[in-house]
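In: below: sequence and its predicted model.
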Amino acid sequence: QVQLVESGGGLVQAGGSLGLSCAASGLTFSRYTMGWFRQAPGKEREFVAAIRRSDGSTVYADSVKGRFTISRDNAKNTVYLQMNSLKPEDTAVYYCAFSGRNLVPTQQSRYDYWGQGTQVTVSS
């Protein structure tokens, strides 16, 4: 059973930065993808970014390109999301997710395990 634990959320002013971490345990896969999704109040959960363990290939949502960076530390089974130039519309609960697929999926249905979520609030 894969377990994901996020950390690093909080409150920041617009234009500021925050970093999120997601530590995975119980991994028996050598090829997989880790992703970040977010859900704002009253909205559906949406894809943010994903990274493939094997070669570090990444995919980003258009709304965060150039501002967010996803990275991984394979030795620690940890994935990171560095968020810069934050905007009030980035306010959401951010979820880490694990996919046993190696194709860097963006669809929620292709992710098998989810973290508990961490709140990110950007004030204007």
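Out: Yes, it's here. Numbering: from 1, shown residues only.
In: who does the residue minimising distance to the centre of the chain bridge with?
Out: Closest to where the C-alpha atoms of the chain average out (Cα atoms, centre = their mean) is W36, at 2.1 Å. In this entry, W36 is beta-bridged to A49, C96, by DSSP bridges.
In: may I have the residues that are in contact with it?
Out: By Cβ atoms under 8 Å, 6 or more residues apart in numbering, the residues touching W36 are 20, 22, 48-50, 70, 79, 81, 94-97. All C-beta spots, glycine's among them, are computed from the backbone N, C-alpha and C.
In: just the pLDDT for it.
Out: W36 is assigned 98 on the pLDDT scale.
In: all strands of the protein, in order?
Out: With strands called from DSSP state E, the chain shows them at 3-7, 10-13, 18-25, 33-39, 46-52, 58-60, 68-73, 78-83, 92-99, 113-114, 118-123.
In: how about the ones you listed, which one is nearest T106?
Out: strand 46-52 (4.5 Å; Cβ to Cβ).
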